[in-house]
Every structure is written in structure tokens, then in C-alpha cells.
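*Asks:* next come a sequence and a model predicted from it.
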Amino acid sequence: MQRRLVVVTALAAVALAAGCGHDGGASSAPDPGAARRITLSSPAFPDGGTIPRRFTCDGENVSPPLTLSGLPSATATVALLVEDPDAPHGTFVHWLLWNASPKETDWPVGRAPHGAIQGRNGFGKPGYGGPCPPRGHSPHHYVFSAYAVDRALSSAASPDDLAHALRGHTLAAGTLTGRYGR
């Protein structure tokens, strides 16, 4: 009986390790525990839809237009993190920004919102770096995560920094997921 318990326990541990998340690794997006949800959308693609080529490394490589709605009235700033959890070497950051004005809820193509500070993406450059999955891979998922924050953030140079800065200061959060393959 004891041997069977060990085998069952070992199989359960293997199943848990193998069955969770995407192949590329778990998202490093902060989990702010926000009770309220905001809506993050794009007129360029629906949630779960294909990101148009224009917004990728195969096109103009400019950020897509984004719209935020449902921001709480106490929102002081907005933060955004765009990640590819399907990247072959772990989650890849495509855009990291913070301290965007909550008064600007329609973000135009190719431009960060007023007041936003942009961190370095996984390509090593500040600002947006569009989807660019390896050729031949199944389409990757690109998760846009927006956070309504109750104060200006002093620094968020990495997703871990952002998670730390958001802890206890996130009023609401929302996501938009797009797909792209080559």
C-alpha cells in the first residue's frame, strides 16, 4: 500500500508540473488581486483574435490602438504589460509602461499615452516591440495586461519591479489577448 501511495503521489506531481500553463512558461504579469475589472480592448483585433501584421515585426512594428474603460475614479495612473507566455525560452516582454494618465483612455496607434514611462522590452529597447514568434511555431498568445493604480509609480523597469510596485496599489485590472504566428 505504501509503494502505491508513493507512485500515485509522484504521478500527481508530474501531472501538475506538466499540465499547467503554456509551453513557454508562466506569465510574469503581476497578480494584483484587484477586486474590480477594467475593460481593455482594441479596435484592431478582438480578444482572442489575430493581431494584424502591421503591429508585428513583420509589419510596421507599431503598438496597436488600445481602449480602456471602467477605470475607477480614484485611478492616479495606468500601467501596462504585454507578454508572450509561449516564447521558447520563457515569457517574453513586448511592452512595459507605467504612469500613463488615466484621462487618456484611447491610445492611438504607435504612441504611448501621455505621461507614460516605458521600460525595456525583451528586445532590449524601450517601448513597444511587436509580436515576432519563431517561424514555424504555432501562433503565440500575446497578453496585454492593464492596471489602474492609486499612485504614481517610481520605477518598474521589469515585470518583477512592476509586480512589487503594484502590490497594495492596484484598484482594478483587465486583459486583452491577441494571437500571432509566422
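*Replies:* Received the coordinates, thanks.

*Asks:* now the strands for this protein?
*Replies:* Along the chain, the segments classed as strands by DSSP state E run 36-37, 39-41, 66-69, 77-84, 92-100, 106-107, 117-118, 140-149, 170-180.

*Asks:* let's have those strands in TSV, adding mean neighbour count, distance to residue 134 and mean pLDDT.
*Replies:* No exception for glycine: its C-beta is placed from N, CA and C like everyone else's. Compiled in TSV, the strands of the chain are given as follows (neighbours: other C-beta atoms under 10 Å; distance: least, C-beta to C-beta, whole Å; pLDDT from 0 to 100):
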stretch	mean neighbour count	distance to residue 134	mean pLDDT
strand 36-37	12	33	92
strand 39-41	18	27	98
strand 66-69	17	26	98
strand 77-84	25	11	97
strand 92-100	23	11	97
strand 106-107	18	28	98
strand 117-118	18	25	95
strand 140-149	24	9	97
strand 170-180	21	12	97
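
*Asks:* how about those strands in CSV, adding distance to residue 47?
*Replies:* Below are the strands of the chain laid out as CSV (distance: least, C-beta to C-beta, whole Å):
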stretch, distance to residue 47
strand 36-37, 13
strand 39-41, 7
strand 66-69, 12
strand 77-84, 14
strand 92-100, 17
strand 106-107, 16
strand 117-118, 24
strand 140-149, 9
strand 170-180, 5
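
*Asks:* so for residue 48, which of those sits nearest?
*Replies:* strand 170-180 (5.8 Å; C-beta to C-beta).
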